[in-house]
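In: Need a 3D model of the following:
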Amino acid sequence: MSVFGIGVAYGVATLLVMFSGMPIAFALGAVAVVFMGIYMPAASLDTVTQNVYEEMASITLLSIPLFILKGAAIGKSRAGQDLYSALHAWLHRVPGGLGVANVFACALFAAMAGSSPATCSAIGSAGIPEMRKRGYSGGFAAGIIAAGGTLGILLPPSITMILFAVAAEKSLGRLFLAGIGPGLLLVSLFGAYAVIRFRQEYAAAEAIYKNGGPEAAILARDEYTLAERFSVLPRVIPFVLLLTGVMIALYGGYATPSETAGLGGLLALALIAAIYSVWRPSDLAPIMKSTIRESTMLMMIIGMSLLYSYVMSYLHISQSVAESIVAMHLPRWELLFAILVMVVVLGFFLPPVSIILMTAPIILPPLRAANFDIIWFGVVMTIVMEMGLIHPPVGLNIFVIRNVAPDIPLREVIWGTLPFVLLMMLAVLLLCFFPAISTGLPDLVMGPDGSR
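Out: As a prediction, the model looks like this:
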């Protein structure tokens, strides 16, 4: 059979196994092993475990369970709710300040936890009821938390970026640094939309009230004294200092990503023990269980995805596809557009982890040939994958919100997230026109002749 026929069979088999309901890790591993048995030497089956081990024996991947531990320590304590309460107290005078506070809370928690679902769950469990109580519509409240949660895979430490750095063989520290600017851009866009949307809902409620209707909860104003605002800081400042210290250690060159992750995890455990008295075995059990469960799931997906990519490369599927893309001689920006559309479509069905590990061998060679900077592309691809977290049919964050706020209809949640998807598209366009937002170097996405 030709390489084209094997490639088609490989792709179709993967889709069929995934749609059967089999977990992603086992689906990818099963397809890879079957094609190894059919098209590769029999001795290759004897080296499956060795190949998986060698692919996963990366010091960079060691940081994943350690960052997950840090996120679980914060997410399973009251740190997320206290962070949200502090931001609300300080931003209550801003129109839509509660919504803006939730956006900032999601951003800060995402930077500490590195996980989008954990951010949605921790901030949403406190933020959504508070917004609903103060008259925010269900879709608006759900959209803010669902979209804010996506910042977990963009702001460092990001597990998704760790995997991209491994797949692209790029500097993890540089990739983390490149994600800060776009992360702050999205925070600003989300916050601005929260203010605009609040003004619209406030104006509608005020018009109803002036015409003799009931006074809506959104018209009420919260007031905090200066003493009350300062009283919420002692529990929050240590975690902000933890985040700052981790960033200084990483970007200052004082520690490797793995050492930074380990330090962050241990300090997070120490902080919740000191501040929230979470130190007994019964208190730590949920944190450890969550860490082991999520780490095992991710590492299984990573291992099987790497085996899947290895088989794809051995059978020359990825090389042939990459050569075919290059042979089309698409203008470089059309090439980028086509690849990002493919990522969006894959986001309908697959989580970011699988998208990166399955597509990296195919899309990175053409992008390098077109003189795109891979660090810059990693940031753009991450934002595009964020869209997959809040759009159907998978939309992982949508289902997290459904668990946190089951009283909000799924239809409202989906419509509430769509404006944020458009804002992410706007962010991608801005990064294409102003690449220095992510890199600080305007020429990183230009060709050698200076052309875009």
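In: Run through the helices of the stretch 251-400 of the chain in chain order.
Out: 257-276, 281-314, 317-327, 332-347, 352-369, 374-389, 396-404 (DSSP state H, counting those that start in this stretch).
In: So which of the ones you listed is nearest D46?
Out: Closest approach to D46 among the helices of the stretch 251-400 of the chain (CB to CB): helix 281-314, 13.7 Å. Placement of C-beta: from N, CA and C, glycine included.
In: who does that closest one touch, helix- and strand-wise?
Out: helix 3-19, helix 24-39, helix 48-56, helix 63-75, helix 317-327, helix 352-369 (3 or more CB pairs under 8 Å, 6 or more residues apart in numbering; DSSP states H and E).
In: re the thing from before, weakest of the helices of the stretch 251-400 of the chain in terms of mean pLDDT?
Out: Ranked on mean pLDDT, the bottom entry among the helices of the stretch 251-400 of the chain is helix 317-327, at a mean of 74.
In: Using CSV, write out the CA atom coordinates for that one.
Out: Taking C-alpha atoms only, helix 317-327 is exported to CSV below (Å, rounded to 0.1, in the frame of the first residue of the first chain):
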residue,chain,number,x,y,z
ILE,A,317,3.0,9.7,7.0
SER,A,318,4.0,13.0,8.7
GLN,A,319,6.8,13.6,6.3
SER,A,320,4.6,13.1,3.3
VAL,A,321,1.9,15.3,4.6
ALA,A,322,4.4,18.0,5.4
GLU,A,323,6.0,17.7,2.0
SER,A,324,2.6,17.9,0.3
ILE,A,325,1.8,21.1,2.2
VAL,A,326,5.1,22.6,1.2
ALA,A,327,4.6,21.5,-2.4
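In: ok so, going back, please identify the deepest-packed of the helices of the stretch 251-400 of the chain.
Out: helix 374-389 (a mean of 24; mean count of other CB atoms under 10 Å).
In: before we move on, the earlier item: okay, the helices of the stretch 251-400 of the chain in a markdown table with distance to M40 next?
Out: A markdown table is the format used below for the helices of the stretch 251-400 of the chain (distance: least, CB to CB, whole Å):
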| stretch | distance to M40 |
| --- | --- |
| helix 257-276 | 33 |
| helix 281-314 | 6 |
| helix 317-327 | 12 |
| helix 332-347 | 26 |
| helix 352-369 | 17 |
| helix 374-389 | 29 |
| helix 396-404 | 34 |
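In: neighbours around N102, how many?
Out: Using other CB atoms under 10 Å, N102 is surrounded by 31 other residues.
In: can I assume it is in contact with S85?
Out: No - counting by CB atoms under 8 Å, N102 does not reach S85; the two are 11.1 Å apart.
In: most centrally placed residue in the chain?
Out: For the chain, I153 is the residue whose C-alpha lies nearest the centre (CA atoms, centre = their mean; 2.3 Å).
In: Could you check how far that one is from V380?
Out: Taking CB to CB, to the nearest Å as the measure, I153 falls 13 Å from V380.
In: what's the answer for I362, then?
Out: To V380, I362 is 17 Å away according to CB to CB.
In: Please apply the same query to S282.
Out: Using CB to CB, S282 is found at 45 Å from V380.
In: so which of the helices and strands packed on helix 281-314 comes closest to G191?
Out: With CB to CB as the criterion, G191 lies closest to helix 63-75 of the helices and strands packed on helix 281-314, at 22.1 Å.
In: angle of the closest one against helix 352-369?
Out: Computed with axes from the mean of the first three to the mean of the last three CA atoms, to 10 degrees, the direction of helix 63-75 lies at 130 degrees from that of helix 352-369.
In: buried residues in helix 63-75?
Out: The neighbour-count check on helix 63-75 (16 or more other CB atoms under 10 Å) flags 63-75 as buried.
In: Could you point out which of the residues you listed is nearest to Y308?
Out: Distance to Y308 across those (CB to CB) is lowest for I64, with 18.4 Å.
In: which residues does that closest one contact?
Out: I159, I162, A261, S295, L298, M299, I302 (CB atoms under 8 Å, 6 or more residues apart in numbering).
In: Let me know the closest of these to G213.
Out: Nearest member of the contacts of I64 to G213, counting by CB to CB, is I159, at 47.9 Å.
In: The closest one - how many residues pack around it?
Out: The criterion is other CB under 10 Å. On that basis, I159 has 26 neighbouring residues.
In: Which of the three states applies to Y136?
Out: Put simply, Y136 is coil when judged by DSSP: H, G, I helix; E, B strand; the rest coil.
In: Now do the helices for the stretch 51-200 of the chain: every range, in order, please.
Out: With DSSP H, counting those that start in this stretch as the criterion, the stretch 51-200 of the chain has helices at 63-75, 79-91, 97-113, 116-133, 138-149, 159-168, 172-210.
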